[in-house]
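A.B. asks: starting from these lines, generate the structure:
(one chain, ligands or ions: 1)
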Amino acid sequence: MSERVLIPRNRGFLFLDSHPAGCERLVADMWQACPDSADVPEGAGPVALIIGSSAGYGLAATVAGLKRAGIRGIMVSFEKAPTERRTATAGWYRTAATADIARTAGRDLVFLNGDAFSDTMKNQVADLIEQRFGGRLDYLIYSVAAPRRTDPATGTTYASVLKPIGRANRTKTLVFDDQGVPEVREVETGPAEGDDVEQTVAVMGGADWERWIEHLAGRGLLAEGFATVALSYIGSPLTAAIYRQGTIGAAKAHLEATARTLSERLDKTVGGRAVTSVNGAAVTQSSTAIPGIALYTGLLRGVLGEDLVPPVHQLAALWDQLTGAAPLALDDEGRIRLDTWELAEDVQTAVTERWAAATTDTIAGLADLDWFHAEVQRLYGFSVPGVDYTAAVATDIPWPVPTS
Ligand SMILES: NC(=O)c1ccc[n+]([C@@H]2O[C@H](COP(=O)([O-])OP(=O)(O)OC[C@H]3O[C@@H](n4cnc5c(N)ncnc54)[C@H](O)[C@@H]3O)[C@@H](O)[C@H]2O)c1
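C.D. replies: I've put the predicted structure just below:
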């Protein structure tokens, strides 16, 4: 086993290495932070498929699903193995840690590493549901965030972009230099051109979610009352030009429209439903790539402090609505809303005032920079309280294999 002392090496919000012990501790902390539920079934729980389970909202869905609903089933993500020179990706280590928690909780989770957009993965999952999980899937949570997708039907590869639609967008944004010193800058993003919108919709819209449901339905694997949820975001007017009214927003609108058509079909065939869940802003590898979102999230935390609702609490609420432990609450467009704390008028007013006042000189008093900076580091397992970063750690942790 290779053991090394790991120090964070990064370019902007991207880090070269991930810390296995930090990642493990983070998952353990998430598990602790998720409240217990009296409604968890004693025996084999419902069968769930969670796509995008190694990070962000998908990881929260997995941890909260274990704790609030006693799920078993299949977790899919796309992570890189450790090599001689590089650690594995953080999601690899978080997956190993999640597998340990599931084992301790006595829940049968199988973790698959590969491209969820491929037919190979869909077949592998369908075979597993058939052979290991009684041939019936109760829940599918779709939480993929990816820059590219190859459509297996045509072989065409699509690339998503983060651009405004119609005209260029100038926004304030937050960056940190190598020493972690913050700077508020203005960046301009040119408008979507050519087929940018179609490409982004093809990656982050509902096409692959629908393909999954059709594939599993075609194999007769959807249980009576089957429910599926895909994650969506609306966000603040401050980020609307680049997010909700931009190329990614077009993809989210497509995802939400897909939910409506899927739901009609599922209702008729298995008495099931498909919905989107609109979640609040969180620091994830995907969200930090969006211009302005880092500044916005730092200010949001500055306003809300500990009242900023972490993903695992939002996903606990989601599972409660799915299992019936809490009433299903849908907005006028049929979406589950777990972002109400973020979009509350007083919160948005306060964030907007701070946004207007934000400069490199004032930012420290307006945003919770320590939290934001540490959250970015925690995406890679660094800055996790309780971890000894001077100790050498084994980096060649194996991907969890299911016990037979
Ligand atoms: N982060 C936010 O602020 C926020 C807010 C609301 C909704 N959401 C939504 O939540 C969803 C997940 O986003 P996130 O921020 O948690 O992302 P993330 O980057 O933290 O996680 C993405 C996950 O997708 C997996 N993945 C990527 N490509 C894959 C592929 N080809 N095959 C299989 N797995 C793949 C990754 O391994 C990882 O598990 C997205 O739909 C996003 O729009 C995010």
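
A.B. asks: spell out which parts of the stretch 201-350 of the chain neighbour the ligand.
C.D. replies: For the stretch 201-350 of the chain, the contact set with the ligand under CB under 6 Å from any ligand atom comprises 231-233, 279, 281-282, 284-287. (Each C-beta comes from the backbone N, C-alpha and C, glycine too.)

A.B. asks: can you name the two of the residues you listed that sit furthest apart?
C.D. replies: By the measure CB to CB, 232 and 285 form the most distant pair in these, at 17.9 Å.

A.B. asks: neighbour count winner among these two?
C.D. replies: residue 232 (23 against 18; other CB atoms under 10 Å).

A.B. asks: wait, that one touches residue 255, no?
C.D. replies: Yes - if you go by CB atoms under 8 Å, residue 232 and residue 255 touch, sitting 5.8 Å apart.

A.B. asks: which residues do these two both contact?
C.D. replies: Contact criterion CB atoms under 8 Å, 6 or more residues apart in numbering; residues shared by residue 232 and residue 255: residue 276.

A.B. asks: skipping its backbone neighbours, what lies nearest the residue of the stretch 51-200 of the chain found nearest the ligand in space?
C.D. replies: Going by CB to the nearest ligand atom, the ligand is nearest to residue 56 of the stretch 51-200 of the chain, at 2.1 Å. In space, and not counting its chain neighbours, residue 56 is closest to residue 284: 3.7 Å by CB to CB, 6 or more residues apart in numbering.

A.B. asks: that neighbour: what secondary structure?
C.D. replies: coil (DSSP: H, G, I helix; E, B strand; the rest coil).

A.B. asks: separation between it and residue 314?
C.D. replies: 13 Å (CB to CB, to the nearest Å).

A.B. asks: need the overlap of contacts for those two.
C.D. replies: residue 57.

A.B. asks: for the residue nearest to residue 63 when sequence neighbours are not counted, what are its contacts?
C.D. replies: Nearest residue to residue 63, sequence neighbours excluded (CB to CB, 6+ apart): residue 30, at 4.8 Å. Residues near residue 30 by CB under 8 Å, 6+ apart: 59-60, 63, 312.

A.B. asks: show me where the stretch 151-300 of the chain has helices.
C.D. replies: All helices of the stretch 151-300 of the chain, identified by DSSP state H, counting those that start in this stretch, fall at 196-204, 207-218, 247-270, 293-304.

A.B. asks: distance to residue 95, mean neighbour count and mean pLDDT added to the ones you listed, as CSV?
C.D. replies: As requested, those are exported to CSV (distance: least, CB to CB, whole Å; neighbours: other CB atoms under 10 Å; pLDDT from 0 to 100):
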stretch, distance to residue 95, mean neighbour count, mean pLDDT
helix 196-204, 22, 22, 98
helix 207-218, 20, 19, 98
helix 247-270, 25, 18, 98
helix 293-304, 25, 25, 97
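
A.B. asks: helices or strands next to the least confident helix or strand in the chain by mean pLDDT in the packing?
C.D. replies: Within the chain, no helix or strand scores below strand 10-11, which has a mean of 86 by mean pLDDT, DSSP states H and E. Strand 10-11 sits against no helix or strand, with contacts defined as 3 or more CB pairs under 8 Å, 6 or more residues apart in numbering; DSSP states H and E.
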